[in-house]
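Asks: What follows is a predicted structure for the sequence shown.
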Amino acid sequence: MGYLELPLANGAVIAAENAVFEDRGNGNLMWTGEVPGAGYESVLFTVQDGHLVGWFGVPGGPKHTVHAGPDGRGSFSIETGPVGDWCRAEAGPRGDEVRGAAATAHRLEPAVSGSNGGSLDILLVYSEGTARWWRDMGGPAVGVQQLADYLNMVFRNGAVPATANLIPVEWTPERSPRPDTNGGHYLWNGFAEKWHQEFEFSPTVEALKRRHKPDLVHFIASLPGASSSTAGPRRPRWRATIRRSTRRWIN
């Protein structure tokens, strides 16, 4: 498992050397790779419950996504949007300014929480529309696992000394307008603000936070292509509310 060649539709080939491999048992695994010379991981494959989900690319090039079920059927696509070092987790061209701001007198002092031991516990709240979108790639268990693998790859690339632990819970607003029967999203109907307001003040969400005591809460209200049965596993276009739910910090 030390080397992979990934053929593309245009005849080109992406070659990657294995960086991290996890055999999780029962046929589940995770494989990440680094394009020679890149200096960071940019190839990721997750196999969960018989389903394969992959994201891969080359430095400065487009991102490719693939998913396949136990019968071998699936999809292969190229993501649209800006190209670049999409999983490098660096500051970018204004890095000096960012580093300077981080060194101000208002910087918070880090502390180690004895309850998490280096794990960043993230309560991942997702809507029924997101669950519907994940169904194409094998269901929420597959969708959540590949998100966790991607996030931890970014953490490694950015030398973040923590491991993301996602705690997934499906939740859909009760008072705000819901998606239509065809999966239409609130994003195209002006419901975003109402969804997020209800999320902020939901007794159900507050109860989930008290139960799980997460470090962060992340709400995925909608994912592109959730109403399409042919949608590939594009990366989420996050429309999310993220806030610290405790004062625990990872050192």
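Replies: Yes, it's here.
Asks: Which parts of the stretch 1-150 of the chain are helices?
Replies: Ranges of helices in the stretch 1-150 of the chain, per DSSP state H, counting those that start in this stretch, are 95-102, 128-135, 140-157.
Asks: So which of those is nearest residue 220?
Replies: helix 128-135 (5.0 Å; Cβ to Cβ). All C-beta atoms are positioned from the backbone trio N, CA, C, and that covers glycine.
Asks: And the closest one, what's buried?
Replies: 129, 130, 131, 132, 133, 134 (16 or more other Cβ atoms under 10 Å).
Asks: Stretch 24-40 now?
Replies: 28, 29, 30, 31, 32, 33, 34, 35, 38, 40.
Asks: Do I have it right that the second one meets residue 22?
Replies: Yep, that's residue 29 we're talking about. Yes - using Cβ atoms under 8 Å, residue 29 is in contact with residue 22, at 6.2 Å.
Asks: And the strands in the stretch 151-251 of the chain?
Replies: 163-170, 216-220, 242-244 (DSSP state E, counting those that start in this stretch).
Asks: In JSON lines: these, plus mean pLDDT and distance to residue 194.
Replies: Formatted as JSON lines, those follow (pLDDT from 0 to 100; distance: least, Cβ to Cβ, whole Å):
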{"stretch": "strand 163-170", "mean pLDDT": "95", "distance to residue 194": "19"}
{"stretch": "strand 216-220", "mean pLDDT": "88", "distance to residue 194": "13"}
{"stretch": "strand 242-244", "mean pLDDT": "34", "distance to residue 194": "18"}
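Asks: I'd like those as JSON lines, with mean neighbour count appended.
Replies: Output for these, formatted as JSON lines (neighbours: other Cβ atoms under 10 Å):
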{"stretch": "strand 163-170", "mean neighbour count": "17"}
{"stretch": "strand 216-220", "mean neighbour count": "21"}
{"stretch": "strand 242-244", "mean neighbour count": "10"}
